[in-house]
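Student: Sequence below, structure please.
(one chain, ligands or ions: 1)
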Amino acid sequence: EDGLNAWLRYSPVANAQALRGRLPTGLVALNTTQGSPVNTAAKELTQGLNGLFGVRLSAAKGDGKGGDRPRNAVTVGTVAQFVNANPTVRIALPELIEDGFHINVSGGNVRILGQNERGALYGAFHYLSLVAQGNVSDFSLASNPEAPVRWVNQWDNTQDGGTHGSVERGYGGKSVFFWEGRIREDLTRAGQYARLLASIGINAVVVNNVNANATLLAPELMDGLARIANVFRPYGIQLGFSLNFAAPQMYGNLSTFDPLDKSVIEFWQNVTDNLYARIPDMAGYLVKASSEGQPGPLTYNRTLADGANLFARALQKHNGICVFRAFVYDHRNLNQTLDWKADRANAAVNFFEGLDDKFEPNVLVQIKYGPIDFQVREPVSPLFSHLRKTGAAIELQVTQEYLGQQAHVVYLAPMWKEILDFDLRVDAKPSRVADIVTGKRFNTTLSGYAGVVNVGMNTTWLGSHLAMSNLYAYGKLAWSASADPAAILSEWTKLTFSSDPDVLRVIADISLASWPAYENYSGNLGIQTLCDILLGHYGPNPGSQDGNPWGQWTRADADTIGMDRTVKNGTGNAGQYPPEVAALYENIDTTPDNLLLWFHHVPYTHVLKSGKTVIQHFYDAHYNGSAVAQTFPKLWESLKGKIDPERYEHVLYRLVYQAGHSLVWRDSVNNFYFNKSGIADAQGRVGNYKYRIEAESMKLEGYQVYDVRPFEAASGAKAIV
Ligand code: BDP
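Tutor: Numbers count the residues shown, from 1 in each chain. Predicted coordinates:
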């Protein structure tokens, strides 16, 4: 068990023999064309029922024409194909929207019908997931996605200095798509990835990094992209493509990339036509522009709408969409003085202000869940409340960039759920983020989800077996935001490991405790993840938070900490929310403790609602969080013999590492603020390590002592190597 099949293992269910009698033995595929999603569904059903129950499906006699319906068979196809094949049969079909499906199980007779071919494939995967969990009773259900856009973004580089096929913020190895500046010859892994994604309802993958390489527009590379699209197509996955805004100049040798320039418009139309000639069902473009040094419309004093519309118009005749990222900021404070206005959290609303009615209808604005950047705790981005005419998508990050990079277990679904359930109270009316990004709140047609996943060639995909629950949960929540994180996890565990109650309990105990634990040892009270902020985004480095020009500051000094984002005294960020929410955050008494330091600048001695001071909360939370992480290896060890050895050891290794690294986090952050504030820990722990034996004090054979920077990342600023 190397993880490659993730939750699609189809390993025998416990009582397969007893359940087999209730399963179909025949198969009617309503489209048998090679490469069609319905044909894929038929193959999956065959493979799945065989693996799970040892059932060998055979093509059932009679394709149903004239009402001659086969018995004890599973029928799979679209509603239209079914009606076409059974003109005289009348069945009550529930209403399905694009990509939706209907399943009816009556004894061994199973009918799986999609609104389209992709829906039929989703239905087949859903049916297999239910029977794999031992559910073979009769049922009838219909399921429709809540949002049309359920995309994955991969930050894969075609070429990147010497590291060909690297994945930016990817922790699972090299790209499954690119190698040595080209598209891989062998795209087997890309196909396996598409299969996993289809099984959780994903309908498109943007294959290249948002920091896009313009050379991908070369004809031979476009040919390669078409090969990826061919591998995706049987799974109903469309290909999306990231663009470099300056490509007209960098690649096309034009003198400009001004979005209103005629030659630039022609350039993009030409590129788009060339891509669609090769990939007629391409999903569209993803554009990162005027952000983090990337070129964009602002270079020419054009608006972001001018930038987005350039691509949207080129895509219109091909029915493609332009997903334009809202991650636009240039709120640098180069003097690194305390300029309260230099708040990156304000950037997106500032840049999009006044543009709501300026976008072409096929533009979708993709907004990171919080106003900064995938931190362990952020309020939701205020931009969700500003776009009413323009479709909005929420960007979530499956790859755990700031959240432990898959070396720490952090089950993210509870965090996403909190964000999706947050009510922004636009116009004093219920306005859940989930209702905004599914188009319900403002009646937008384009809406949805983007998940930055960043799998790689490692057989575990993400570098860690347990991290895959995040990918699974992402798909499930993008399908329906009402899904419950604990239920999703339990389903994932059953499919990935087993239904053994101990396995379910332990994985739930670890996973559901993991986000709070990580928050506790990595950055509390809304101060953000206190990791190294400039480069790796990994490991503790609270000092780095105040030493960078991007306004992403903790504003900590000897007496005080936190960013004043109030309208009254601070950066005004609280005022970007609708009035009820703005009032909540403006007032320190109504700001929840977990966002206190996001919105307010207070003395370390400020007393929280919990009754503790800020500094004591820091100390205690870091001890509590790391104490929880210490329990993970022991919990996991209780599963020895219940998990196959390969995955058991892989997970254990990481959990032991996490337990250790959580102590590094605890002591680094606590020591840092202890040194800064000079306030002692009421429990006498911080700075008082009398039971600890420092490695550098031991008799060393084959090791050398070296100085650690930042000093707080090692006790006594020393480590051995
Ligand atoms: C940051 C990542 C960087 C991405 C950027 C983005 O560190 O690698 O390019 O976000 O989303 O979090 O564009």
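
Student: Let me see the contact set for the closest residue to residue 236 other than its chain neighbours.
Tutor: Spatially, and ignoring its direct neighbours in sequence, residue 236 is nearest to residue 118 (3.2 Å; Cβ to Cβ, 6 or more residues apart in numbering). Backbone N, C-alpha and C define where each C-beta goes, glycine included. Listed by Cβ atoms under 8 Å, 6 or more residues apart in numbering, the contact partners of residue 118 are 37, 99, 198, 203, 236.

Student: So what's the model's average confidence on whichever strand or helix holds residue 118?
Tutor: Residue 118 belongs to helix 117-132 when assigned by DSSP states H and E. Taken as a whole, helix 117-132 has a mean pLDDT of 98.

Student: next SSE after it?
Tutor: Later in the chain than helix 117-132, the nearest helix or strand by DSSP H and E is strand 139-143.

Student: State the mean pLDDT of that next one.
Tutor: Taken as a whole, strand 139-143 has a mean pLDDT of 96.

Student: Contacts for it, please.
Tutor: By Cβ under 8 Å, 6+ apart, the residues outside strand 139-143 that reach it are 94-96, 100-105, 122-123, 126, 479-480.

Student: with those in mind, which one is nearest to the ligand?
Tutor: residue 479 (23.7 Å; Cβ to the nearest ligand atom).

Student: Next up, the contacts around the spatially closest residue to that closest one that is not a sequence neighbour.
Tutor: Excluding its sequence neighbours, the residue lying closest to residue 479 (Cβ to Cβ, 6+ apart) is residue 201, at 4.3 Å. Residue 201 sits next to 99, 122, 145, 150, 475, 476, 478, 479 when contact means Cβ under 8 Å, 6+ apart.

Student: change it to 7 Å
Tutor: With contact set as Cβ atoms under 7 Å, 6 or more residues apart in numbering, residue 201 has these partners: 122, 145, 150, 475, 478, 479.

Student: On the secondary structure side, give me the element for it.
Tutor: Counting by DSSP H and E, residue 201 is part of no helix or strand.

Student: Give me the distance between it and residue 145.
Tutor: Separation of residue 201 from residue 145 (Cβ to Cβ, to the nearest Å): 6 Å.

Student: Repeat that for residue 607.
Tutor: Going from residue 607 to residue 145 by Cβ to Cβ gives 46 Å.

Student: So between the two, which is more surrounded?
Tutor: Here residue 607 and residue 145 are compared on neighbour count by other Cβ atoms under 10 Å; more neighbours surround residue 145, at 22 against 13.

Student: Hmm, residue 471 and residue 412 touching each other?
Tutor: No: using Cβ atoms under 7 Å, residue 412 is not in contact with residue 471, being 9.9 Å away.

Student: overlap in contacts of the two?
Tutor: Between them, residue 412 and residue 471 share no contacting residue under Cβ under 7 Å, 6+ apart.

Student: Just the buried positions in the top helix by length along the chain, please.
Tutor: For the chain, the longest helix by residue count, based on DSSP state H, is helix 645-677. For helix 645-677, the neighbour count (16 or more other Cβ atoms under 10 Å) marks 647-648, 650-652, 654-655, 658-659, 661-674, 676-677 as buried.

Student: Please name the nearest non-neighbouring residue to residue 44.
Tutor: In space, residue 44 is closest to residue 124, 5.3 Å off (Cβ to Cβ, 6+ apart).

Student: Enumerate the residues of this protein near the ligand.
Tutor: Selection of the chain residues close to the ligand by Cβ under 6 Å from any ligand atom yields 168, 169, 210, 211, 288, 327, 373, 374, 401, 537.

Student: in the stretch 251-400 of the chain, which spans are helices?
Tutor: Ranges of helices within the stretch 251-400 of the chain are 262-278, 304-316, 347-352, based on DSSP state H, counting those that start in this stretch.

Student: mean confidence score for the second one?
Tutor: Summarised as a single mean, pLDDT over helix 304-316 is 98.

Student: Which elements pack onto that helix?
Tutor: Packing partners of helix 304-316 (3 or more Cβ pairs under 7 Å, 6 or more residues apart in numbering; DSSP states H and E): helix 262-278, strand 284-287, strand 321-325, strand 363-368.

Student: Make JSON lines out of these and add mean neighbour count and mean pLDDT.
Tutor: What follows is the helices and strands packed on helix 304-316, written out as JSON lines (neighbours: other Cβ atoms under 10 Å; pLDDT from 0 to 100):
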{"stretch": "helix 262-278", "mean neighbour count": "17", "mean pLDDT": "98"}
{"stretch": "strand 284-287", "mean neighbour count": "27", "mean pLDDT": "98"}
{"stretch": "strand 321-325", "mean neighbour count": "28", "mean pLDDT": "98"}
{"stretch": "strand 363-368", "mean neighbour count": "26", "mean pLDDT": "98"}
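
Student: Tell me how many other residues surround the residue nearest to residue 448 when sequence neighbours are not counted.
Tutor: Computed as Cβ to Cβ, 6+ apart, the closest residue to residue 448 that is not its neighbour in sequence is residue 149, at 2.8 Å. Per other Cβ under 10 Å, the neighbour tally for residue 149 reads 25.

Student: what's residue 149 in contact with, if anything?
Tutor: Shown in contact with residue 149 (Cβ under 7 Å, 6+ apart): 364, 393, 446, 447, 448, 449.

Student: How far off centre is the longest helix of the chain?
Tutor: Counting by Cα atoms, centre = their mean, to the nearest Å, helix 645-677 is centred 23 Å from the centre of its parent chain.

Student: Could you point out the helix or strand that follows it?
Tutor: Sequence order places strand 705-707 as the next helix or strand after helix 645-677, per DSSP H and E.

Student: So which residues make contact with that following strand?
Tutor: 696, 717, 718, 719, 720, 721.

Student: re the thing from before, got a markdown table for the contacts of residue 201, with secondary structure too?
Tutor: Formatted as a markdown table, the contacts of residue 201 follow (DSSP: H, G, I helix; E, B strand; the rest coil):
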| residue | secondary structure |
| --- | --- |
| 122 | helix |
| 145 | coil |
| 150 | strand |
| 475 | helix |
| 478 | helix |
| 479 | helix |
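
Student: Closest to residue 546 out of those?
Tutor: Nearest to residue 546 among the contacts of residue 201: residue 478, at 36.1 Å, using Cβ to Cβ.

Student: Tell me which residues touch that closest one, please.
Tutor: Going by Cβ under 7 Å, 6+ apart, residue 478 touches 147, 150, 201, 449.

Student: 10 Å - rerun?
Tutor: 145-147, 149-152, 200-203, 393-394, 396, 416, 420, 437-438, 448-451 (Cβ atoms under 10 Å, 6 or more residues apart in numbering).
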